[in-house]
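**Q** Got a sequence here, can you build the structure:
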Amino acid sequence: MVGDHLWNVVGLAGSTACAVACTIGALWLAQRPLPWRRERITGVAALCFTALWAGVLAALGGENLFSEAAESIRNLAWLALLHALFAGGVDRESAQRVRFVIASLVFVTLMQGAVLAVGATMNPGREFTASALEVSALLHMLVAIGSLVLLHHLYTGASHQDRASTRWVALSLSAWWVFELNFYAVSWFTGDYPVQIAGLRGLVVGIVCVPLAMALGADVRRLRFQASRNVAFRSLSLLLIGGYLLAMAGLARLLSALDADVARLAQVGFLVALLTVAALWLPTPRFRAWLKVTVQKHLFSHRYDYRAEWLRLADTIGHGSEEGSALCARIPQAVAEITQSPAAALFLVEGEGVLSLTDTWRWPMLEDEGRELPSQIVQLLADRDYVIDLEQWREGKSVAGETDALPAWLDSSSRAWAIVPLRHFDRLQGAVLLARPVLDRQLDWEDFDLLTVVGRQLASYLSEQATQRALMDAARFDEFNRRMAFVLHDIKNLASQLSLLSHNAQRHADNPAFRADMLKTLGTSTDKLNALIRRLGSYGRGREAKRERFDLGILAQEVVKRFAQHHRVELAGNSGCEVNGDREGLEQALVHLVQNAVDASPAQAPVCVSVHSEDSCASIEIADIGEGMDAAFVRDKLFAPFVSSKVDGFGIGALEARELVGAMGGRLQVQSRVGLGSRFTIEIPLAAAESAGESKPIEEAA
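**A** Residues are numbered from 1 along each chain as shown. Prediction:
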């Protein structure tokens with residue numbers, strides 16, 4: 001038959017490869033510079049006899065008297081190796097019992113050869129009879145079972161040091177004898193020579209002999225077999241798939257016992273149901289998460305593969321999932337991938353210790369739910385390097401003792417699961433909020449340790465980025481100051497020339513009317529240039545704020561009138577808002593913001609300035625319907641010096657406005673959407689509330 005011929009070819013190739021591998025193994029083991037112990041001598045002999053058996057098997061086939069004789073000699077050699085391994089590892093009484101078992105196995109092996117020899121002699125065709133094959137297979141099974149029992153006692157009864165040195169020998173011989181047991185079990189049950197399994201004998205024996213020779217010729221105490229997590233996950237997946245297929249096969253055999261029509265209908269229905277369940281359940285994230293947790297729990301001493309996690313963290317931070325994504329967008333993704341969280345958010349320190357939402361990863365609705373972390377959580381993160389388990393916080397089991405109720409976006413009905421601090425040395429840089437994993441579980445010490453270390457590493461990245469930006473800003477400011485020095489020099493020269501011209505005009509002008517107009521024009525120009533010199537000279541050094549009480553609505557009205565001739569600027573709600581602050585500084589900040597709104601708006605689009613008060617705080621809003629800004633521009637570039645969307649802009653208007661407002665105890669907030677426009681809000685404490693001592697800092701009240 002074509003199938004038998006194919007398996008004969010496979011058997012020939014496998015037996016030849018086995019003979020070559022065993023010969024090379026015997027030569028390598030004989031040349032090793034190690035002491036010639038008893039087990040090493042018997043190992044070399046066993047490899048040589050195994051190579052002889054494989055050569056005879058390749059030349060004459062398995063159903064032959066010479067092949068069976070070579071196999072018996074091979075088995076005797078491996079039994080001698082077992083005896084040598086037991087000789088130095090057990091006590092005298094145990095050694096006597098082992099010798100008795102090995103002698104029994106030797107007797108059975110010799111009897112097996114005698115049975116086949118008698119069967120072949122009685123048969124004129126020199127072919128084994130069915131009864132001889134059956135008895136031979138039974139005797140081979142006894143030898144395999146006895147050898148496996150001896151290997152079990154050899155490994156379990158050895159000391160810790162001896163067990164380490166014989167581990168690989170025991171594993172190799174166990175794999176060998178298990179295969180032999182299955183081969184002869186099939187022969188005994190079927191009453192025939194299994195050609196398919198016989199074709200694999202040489203290949204299996206050749207593979208097993210490689211680690212066996214290495215174990216006998218090297219110090220194997222340091223060798224450890226440890227499957228990687230990927231191999232373990234794939235192995236368990238294959239095991240589940242194999243169990244699934246076996247279950248289907250078994251049920252199909254049971255259903256075949258029914259009536260033909262009913263059985264066929266039941267088989268089709270059962271197959272459709274199983275395939276539907278497999279298609280809906282196996283690819284789901286919940287199944288993958290359950291599979292990973294199960295493997296980690298039962299096959300590994302640690303939940304995380306730290307090497308793989310650290311390499312993935314470095315890859316995420318270094319490259320990111322999307323080309324060009326900022327560091328603030330990669331940090332929550334890197335932390336979420338460690339705990340298999342479906343979403344995460346990054347909060348960074350702003351103002352006086354406020355942790356504000358900076359960026360999110362797969363959490364689009366969080367921006368509308370929570371912009372800042374509660375002050376009690378911020379205080380705990382600032383005091384200690386501690387990962388907050390929000391489940392324990394909700395149950396009152398946190399290390400913070402008695403805790404306040406969490407807001408709605410952090411309560412038990414939300415996705416929030418844990419908060420990881422980002423601390424660089426003793427300074428809190430920010431925090432990462434993790435969403436609940438698909439397969440919910442309790443955080444343990446391993447999660448706390450790994451997330452704490454990862455948080456420190458990510459905080460160092462943030463600190464390094466901030467330092468680099470500060471150095472770049474300092475270099476740009478230095479260049480800006482040098483350029484302003486030349487500008488100031490030129491303006492001073494121009495102011496001096498205009499002053500001289502004004503002085504000469506008073507002496508030489510004949511027309512009184514012309515002289516009056518010229519003097520007025522030149523005087524105005526001189527005043528403007530001197531004012532410009534004073535303003536330019538204020539850049540680069542601190543400006544002393546003059547605090548006074550004034551009406552915010554009147555100030556807004558004056559600023560609106562200044563722009564009314566050039567653009568449509570409207571004012572709303574401009575009365576009853578008296579504040580204490582630097583009027584000149586606030587006016588300068590409003591001019592910057594209104595000018596930016598005018599530049600960003602179309603020609604006929606209005607800019608709205610509104611003033612109103614609420615509780616102890618007054619606010620003024622500047623809103624436009626211009627091009628707007630995306631979140632990345634607002635976060636990284638809006639308040640960065642020398643970054644401007646204008647062709648001739650310095651990019652310091654918004655930065656100066658925020659510093660001027662902050663210097664008088666106020667706060668500048670920005671809301672913007674691309675294509676919809678922007679809104680800048682200045683919040684300042686009311687004068688009445690501030691004098692009565694009822695006002696709070698804007699950062700706490702916001």
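**Q** now do the same end-to-end measure for stretch 564-581.
**A** The straight-line separation of the ends of stretch 564-581 (CA to CA, to the nearest Å) is 25 Å.
**Q** model confidence over that stretch, on average?
**A** Mean per-residue pLDDT for stretch 564-581: 80.
**Q** With stretch 308-318 instead?
**A** Here the average pLDDT along stretch 308-318 is 89.
**Q** Could I get the buried residue list for it?
**A** Neighbour counts over stretch 308-318 (16 or more other CB atoms under 10 Å) mark 310, 313, 316-317 as buried. From N, CA and C alone the C-beta is placed, and that goes for glycine too.
**Q** per the record, what domains does the chain have?
**A** As given by automatic domain parsing, the domain ranges for the chain are 2-225, 230-299, 317-470, 547-701.
**Q** And these: which comes nearest Phe477?
**A** For the domains of the chain, the distance to Phe477 is smallest for domain 547-701, at 6.8 Å, taking CB to CB.
**Q** helix or strand for Val349, which one?
**A** Using DSSP states H and E, Val349 sits in strand 344-350.
**Q** In terms of secondary structure, what does that strand contact?
**A** Identification of packing neighbours for strand 344-350 by 3 or more CB pairs under 8 Å, 6 or more residues apart in numbering; DSSP states H and E yields helix 327-339, strand 354-361, strand 427-435.
**Q** Quick one: those as JSON lines, columns for mean pLDDT, distance to Ala589 and mean neighbour count too.
**A** Formatted as JSON lines, those follow (pLDDT from 0 to 100; distance: least, CB to CB, whole Å; neighbours: other CB atoms under 10 Å):
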{"stretch": "helix 327-339", "mean pLDDT": "92", "distance to Ala589": "27", "mean neighbour count": "22"}
{"stretch": "strand 354-361", "mean pLDDT": "90", "distance to Ala589": "21", "mean neighbour count": "21"}
{"stretch": "strand 427-435", "mean pLDDT": "94", "distance to Ala589": "28", "mean neighbour count": "23"}
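**Q** Could you dump those into a markdown table with distance to Gly370 added?
**A** Formatted as a markdown table, the helices and strands packed on strand 344-350 follow (distance: least, CB to CB, whole Å):
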| stretch | distance to Gly370 |
| --- | --- |
| helix 327-339 | 14 |
| strand 354-361 | 7 |
| strand 427-435 | 9 |
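**Q** of all these, which lies closest to Phe179?
**A** The closest of these to Phe179 is helix 327-339. By CB to CB, the value is 42.0 Å.
**Q** which strands and helices sit next to that closest one?
**A** Other helices and strands packing on helix 327-339, by 3+ CB pairs under 8 Å, 6+ apart, are helix 306-318, strand 344-350, strand 354-361, strand 416-424, strand 427-435, helix 445-508.
**Q** same thing but 6 Å
**A** helix 306-318, strand 344-350, strand 354-361, strand 427-435 (3 or more CB pairs under 6 Å, 6 or more residues apart in numbering; DSSP states H and E).
**Q** between these, which one is nearest to Trp445?
**A** Closest approach to Trp445 among the helices and strands packed on helix 327-339 (CB to CB): helix 306-318, 14.2 Å.
**Q** contact partners of the closest one?
**A** Helix 306-318 has contacts (CB atoms under 6 Å, 6 or more residues apart in numbering) with 330, 333-334, 338.
**Q** What of stretch 345-352?
**A** So stretch 345-352 is contacted by 328, 331-332, 355-360, 363, 366, 373, 430-433, 699 (CB under 6 Å, 6+ apart).
**Q** Repeat the analysis, applying 7 Å as the threshold.
**A** The contact list for stretch 345-352, computed with CB atoms under 7 Å, 6 or more residues apart in numbering, reads 328, 331-332, 355-360, 363, 366, 373, 428-433, 697, 699.
**Q** and if you look at stretch 77-88?
**A** Here stretch 77-88 has contacts from 38-39, 42-43, 45-46, 49, 95, 98, 102, 105-106, 147, 150, 154, 166, 169, 173, using CB under 7 Å, 6+ apart.
**Q** how about that stretch: buried residues?
**A** By neighbour count on 16+ other CB under 10 Å, the buried set for stretch 77-88 is 77-86.
**Q** follow-up on the earlier one: out of the helices and strands packed on helix 327-339, which comes closest to Leu380?
**A** The nearest among these, by CB to CB, is strand 427-435 at 10.1 Å.
**Q** What pairs with that closest one, parallel or antiparallel?
**A** Counting by DSSP bridges, the strands paired with strand 427-435 are strand 344-350 (antiparallel), strand 416-424 (antiparallel).
**Q** want to throw those into JSON lines with distance to Leu439, mean pLDDT and mean neighbour count?
**A** Shown next, in JSON lines, are the strands paired with strand 427-435 (distance: least, CB to CB, whole Å; pLDDT from 0 to 100; neighbours: other CB atoms under 10 Å):
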{"stretch": "strand 344-350", "distance to Leu439": "17", "mean pLDDT": "92", "mean neighbour count": "22"}
{"stretch": "strand 416-424", "distance to Leu439": "12", "mean pLDDT": "94", "mean neighbour count": "25"}
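**Q** what's the closest of those strands to Phe680?
**A** Of all those, strand 344-350 sits nearest to Phe680, with 16.3 Å by CB to CB.
**Q** Just the CA atoms of that closest one, as PDB, please.
**A** In PDB, the C-alpha atoms belonging to strand 344-350 read as follows (Å, rounded to 0.1, in the frame of the first residue of the first chain):
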ATOM      1  CA  ALA A 344      -6.000  55.000  31.400                       C
ATOM      2  CA  ALA A 345      -5.500  58.700  32.000                       C
ATOM      3  CA  LEU A 346      -2.600  60.900  33.000                       C
ATOM      4  CA  PHE A 347      -2.900  63.700  35.600                       C
ATOM      5  CA  LEU A 348       0.000  66.200  36.000                       C
ATOM      6  CA  VAL A 349       0.700  68.700  38.700                       C
ATOM      7  CA  GLU A 350      -0.500  72.200  37.900                       C
END
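**Q** tilt between it and helix 327-339?
**A** Computed by axes from the mean of the first three to the mean of the last three CA atoms, to 10 degrees, the angle separating strand 344-350 from helix 327-339 equals 130 degrees.
**Q** Okay, angle between strand 344-350 and strand 354-361 too, please.
**A** Following the same axes, to 10 degrees, one obtains 150 degrees for the angle between strand 344-350 and strand 354-361.
**Q** in the stretch 601-702 of the chain, what spans have low per-residue confidence?
**A** 641-651, 690-702 (pLDDT under 70).
**Q** How is the closest residue to Gly665 other than its chain neighbours assigned, secondary-structure-wise?
**A** Excluding the flanking residues, the one nearest Gly665 by CB to CB, 6 or more residues apart in numbering is Pro685, at 6.2 Å. Going by DSSP: H, G, I helix; E, B strand; the rest coil, the secondary structure assigned to Pro685 is strand.
**Q** can you tell me how far Pro685 sits from Ile622?
**A** Look at Pro685 and Ile622: by CB to CB, to the nearest Å, they are 19 Å apart.
**Q** Nearest spatial neighbour of Ala572, chain-adjacent residues omitted?
**A** Take Ala572 and drop its neighbours on the chain: the residue closest to it by CB to CB, 6+ apart is Ser610, 4.2 Å away.
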